[in-house]
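Colleague: what shape does this take:
(chains A, B, C and D)
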Amino acid sequence: MTEVFAVLVLLLLLNIVVGLARVLRGPSAADRMLASEMFSTSAVAILLLLAFILDSPPLLDVALVLALLAALAVVTFVGRAWSDLQSRQSESARGMESRESD
Amino acid sequence: MSLTDLLGGLLVLLGMPFFFLGTLGLLRFPDAYTRLHALAKTDNVGLGLVCLGLALYSGSWLTGLKLLLIWLLMLVASAAGAGLIGRTAMARGMKPWGL
Amino acid sequence: MIYLLLAGVLFVIGLHGLFVARHLLRKILSLNVLSAAVFLLLVALAREADPLDAVPHAIVLTGIVVSVSATAVALVLLVRLSRPREDQRKLMDEEGG
Amino acid sequence: MGWLVLVFDGLLAAALIWLAWQATHTPGLFRSVISFIIFGLLMALAWVRLDAPDIALAEAAIGAGATGALLLSALGRLVATHEEGAPWQERRDLYFWIPAGGALLGLLTLAAWMLPSPGLGEQVQDALPESGVQNPVTAVLLNFRALDTLLEIGVLLLAAIAIWSLGRMPLPSAPAVRSPALPALGRLLFPMFVLVSAYLLWRGSHAPGGAFPAGAVMGAGGILTILAGAQPWLTGSVHGPWRMLLSLGFAAMLALALGVMALGQPFFAYPPGLAGLIVLALELAAGLSIAMSLVALYLAGQPPDHWEGEARGE
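Modeller: Below is the predicted model of the structure:
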């Protein structure tokens, strides 16, 4: 069974690497943030599988910490980075999306 | 290999397609709202099945509870995050695709 | 072995970024990449030893916290630097009065 | 299995290099910051591969949590979020950079090569029974090399003081959208943060965990509650002397080191038999200080004496 899990871990990592294309392409900040959230889910799954493959329970704790902090990045993003940009540049709201996407 | 092991492994395998489809959706869907939808499937169903499968596979209550906690935390983060991103995107005037 | 190579490549990327990046935020990120490369080197070397050498692990843990503090101070300085002049004067008036 | 491990390492290394490049060398500050956050996430996986679960825990808590929050808030506060022109300076620098980078890399490899190879693993293993804990990393951090930890907590304290000395904290801007999810999230998750950090602290004596990850998780919890609309706990006249908790870890470690010195022991040499208890107490103090310092770092300035936010309603 652990061999199967090892293959799955590899596929999940490949999944992350393929998903990096969304970070590259954007276009808006939210899309990149979503990609990052997706990666943290995949990383949690990888850690869980690795905990069973390597038979090392501490990795479950690492996954727990990652799961706990998954909310923090999104909340900071929405509460600080994204809304501040808007309040400051709302007058140029039309050009906003294109500028942000560089 | 016992039956619970097999069942656990099967559930983990069943969860994997959700991860791949989630990434596919992230790459192929046209705008942030639809991508939000793809992401939620991975967080909720994909990780849920993996956690459930591994909990069966581990065969220990304590590990199972920890896995359940991990899944619940991801659920909370995903639900709240999706709501916040969606609302903020709307407020910023980002147009949903096809409307 | 892969990780030693990785540490080397990250080191060069971080160093290059640190020296030639224009924006200060990018310099801060480069500094973080640089420190990650050094941590990686230490831990990858510790793994060669048998039994596992716990001292580099502890040092790297310390280093991570120190690099977070440095990043935080640098970011606050950066934000204060980027404020327009009148904004700062207002801030100083508020503090004076 | 061998090739699987090799492919895994290769993919991870390629992704890390690509992300580091993205973070430092491509246009678009937001893209750089997000790349760096994902870089931290994948670094946690690399630490797992390098048999360093302690560092993986700290990286997950600090790299993915606190640093990400710090960077994203700083990005939000920056006035000019777009850069003019190329992200880096002229290309002719390459003539300098290729040889210089190669030389540095060579020196680094040489230095790594010349390090004494067996390391201190055996000494740590031998002394472990005397340290009062079973986790070698915790033993090194809080017993054998407690001086390093003392100085490190000192650096954290110093960073908090430096940030406070730069002026008052910027008032947080109201989020663009009021969502009921945010306060609910804060209320729901905060007990979980307390629970997990207490668990990590307790785990630290016999398994990966301890003051650093515990403090970092707690600090991240504090940041989350601030984001969810709570007032920072460091507000001057209201919470008064509680601010002193920031220096608790540093003060406790220093007092202990000087205390054992007064008893005729060397600096930081714990009396045998009491070591386990002392390490646990120090871990608690250090964890609290790390958590509070992270919140203080996040506030980006001195908190006001009176809180005049709208949330209070007094």
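
Colleague: run a quick neighbour tally on C:Val9.
Modeller: With neighbours defined by other Cβ atoms under 10 Å in any protein chain shown, the count for C:Val9 comes to 17. Where you see a C-beta, it was placed from the backbone N, CA and C, and this is true even at glycine.

Colleague: brain fart, A:Leu24
Modeller: A:Leu24 has 13 neighbours, counted by other Cβ under 10 Å.

Colleague: can you tell me the element the nearest residue to it once chain neighbours are set aside falls in?
Modeller: Spatial nearest neighbour of A:Leu24, chain neighbours left out: D:Gln22 (7.5 Å); criterion: Cβ to Cβ, 6 or more residues apart in numbering or on different chains. Taking DSSP states H and E as the definition, D:Gln22 sits inside helix D:2-25.

Colleague: buried stuff in that helix?
Modeller: Across helix D:2-25, burial judged by 16 or more other Cβ atoms under 10 Å in any protein chain shown covers D:8-9, D:11-13, D:15-25.

Colleague: re earlier: how close does the residue nearest to A:Leu24 get to D:Arg31?
Modeller: Here the criterion is Cβ to Cβ, to the nearest Å. By it, D:Gln22 lies 7 Å from D:Arg31.

Colleague: quick check: neighbours shared by those two?
Modeller: A:Val23, A:Leu24 (Cβ atoms under 8 Å, 6 or more residues apart in numbering or on different chains).

Colleague: if we can go back for a sec, and the furthest pair within the buried residues of helix D:2-25?
Modeller: D:Phe8 and D:His25 (25.8 Å; Cβ to Cβ).

Colleague: and stretch D:24-37 with chain C, contact?
Modeller: Yes. Using Cβ under 8 Å from any Cβ of the partner chain, stretch D:24-37 comes into contact with chain C via D:Thr24, D:His25, D:Leu29, D:Ser32, D:Val33, D:Phe36.

Colleague: contacts only, for B:Ala55.
Modeller: Contacts of B:Ala55 by Cβ under 8 Å, 6+ apart are B:Gly8, B:Thr63, B:Gly64, B:Leu67, B:Leu68.

Colleague: give me the most central residue, chain B.
Modeller: B:Asp43 (1.7 Å; Cα atoms, centre = their mean).

Colleague: surely it meets B:Leu75?
Modeller: Yes. With contacts counted by Cβ atoms under 8 Å, B:Asp43 reaches B:Leu75, the gap being 6.9 Å.

Colleague: about what we covered before: for the residues of stretch D:24-37 next to chain C, which one is nearest chain C?
Modeller: The closest of those to chain C turns out to be D:Thr24 (Cβ to the nearest Cβ; 3.2 Å).

Colleague: which residues does the closest one contact?
Modeller: Applying Cβ under 8 Å, 6+ apart to D:Thr24 gives the contacts C:Ile13, C:Gly14, C:His16, C:Gly17, C:Ala21, C:Arg26, C:Leu29, C:Ser30, C:Val33, D:Ser32.

Colleague: enumerate the residues of the stretch 201-314 of chain D near chain A.
Modeller: Within reach of chain A by Cβ under 8 Å from any Cβ, the stretch 201-314 of chain D has these residues: D:Arg203, D:Ala207, D:Pro208, D:Gly209, D:Pro213, D:Val217, D:Ala220, D:Ile223, D:Leu224, D:Leu227, D:Ala228.

Colleague: scan the residues you listed and report the most crowded one.
Modeller: Top of these by neighbour count (other Cβ under 10 Å): D:Val217, with 35 neighbours.

Colleague: now do the helices in the chain.
Modeller: As the question left the chain open, I've gone with chain A. Counting by DSSP state H, chain A has helices at residues A:2-25, A:29-53, A:58-76, A:83-89, A:93-101.

Colleague: you looked at the wrong chain, it should be chain D
Modeller: Counting by DSSP H, the helices of chain D are D:2-25, D:29-49, D:53-58, D:68-77, D:94-114, D:121-131, D:136-139, D:146-165, D:181-203, D:211-227, D:236-239, D:248-262, D:275-299.

Colleague: out of those helices, which gets the lowest mean score?
Modeller: Note on these: lowest mean pLDDT is at helix D:236-239, with a mean of 60.

Colleague: do the lengthiest helix in chain C and chain D meet at all?
Modeller: Criterion DSSP H: the longest helix present in chain C is helix C:54-82. Yes. Helix C:54-82 lies within reach of chain D by Cβ under 8 Å from any Cβ, at C:54-62, C:64-66, C:68-73, C:75-80, C:82.
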